[in-house]
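Trainee: next input, structure requested:
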Amino acid sequence: MAIMKTTVDIHDELLARARRHAKNTGRPLRAVVEDGLRRVLAAPESPRSYRLPDMSEGDPGAADPLEAYSWQDLRGLIYGEPESS
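Mentor: Numbering: from 1, shown residues only. From the prediction side, this is the model:
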C-alpha cells in the first residue's frame, strides 16, 4: 500500500482533539485521521433535501379571502397605503 504525503488545513481545536485522542488511545495521529476518513467515506450518504413544515392556517377547502383584491389593493394593504378607487 502506497502512502502519500499531503498538507491539510484543520481547525486548531479539531486538531488538538485529534491529537489528544491519538495520545489517549496510543495511536499515531495519522492513524486517527485515516480512521476518520474511512468512517466518513464508508457511511451511506444522507439526503440533503429539506422539506418545509406545513405552517398553513385555516380550512384548505375554504374560499381564498384575498381573491377579491387586485395586486395593487394587496400591495396597499401590505404597505399601509390608502385603497385605490
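Trainee: list the buried residues for the helix or strand hosting L14?
Mentor: For L14, the host element (DSSP states H and E) is helix 12-25. Judged by neighbour count (16 or more other C-beta atoms under 10 Å), helix 12-25 contains these buried residues: A22. Every residue, glycine included, has its C-beta placed from N, CA and C.
Trainee: residues contacting it, please?
Mentor: Residues external to helix 12-25 that are found in contact with it (C-beta atoms under 8 Å, 6 or more residues apart in numbering): 10, 28-29, 31-33, 36.
Trainee: tell me which helix or strand the spatially most central residue of the chain sits in.
Mentor: When the chain is reduced to its mean C-alpha position, the nearest residue by C-alpha atoms, centre = their mean turns out to be R48, at 7.8 Å. Applying DSSP H and E as the criterion places R48 outside every helix and strand.
Trainee: who's in contact with it?
Mentor: For R48, no residue meets the contact criterion (C-beta under 8 Å, 6+ apart).
Trainee: determine the set of other helices and strands touching the helix or strand of the chain with the lowest mean pLDDT.
Mentor: Among the helices and strands of the chain, helix 71-79 carries the lowest confidence by mean pLDDT, DSSP states H and E, at a mean of 90. For helix 71-79, the packing partners by 3 or more C-beta pairs under 8 Å, 6 or more residues apart in numbering; DSSP states H and E come out as none at all, with no helix or strand in contact.
Trainee: restrict it to CA atoms and write it as CSV.
Mentor: Extracted as CSV, the C-alpha positions of helix 71-79 are listed here (Å, rounded to 0.1, in the frame of the first residue of the first chain):
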residue,chain,number,x,y,z
TRP,A,71,-52.4,43.2,-6.8
GLN,A,72,-52.5,47.0,-6.3
ASP,A,73,-55.0,46.6,-3.5
LEU,A,74,-53.0,43.8,-1.8
ARG,A,75,-49.8,46.0,-2.1
GLY,A,76,-51.7,48.8,-0.5
LEU,A,77,-52.9,46.6,2.4
ILE,A,78,-49.4,45.3,3.0
TYR,A,79,-47.7,48.6,2.9
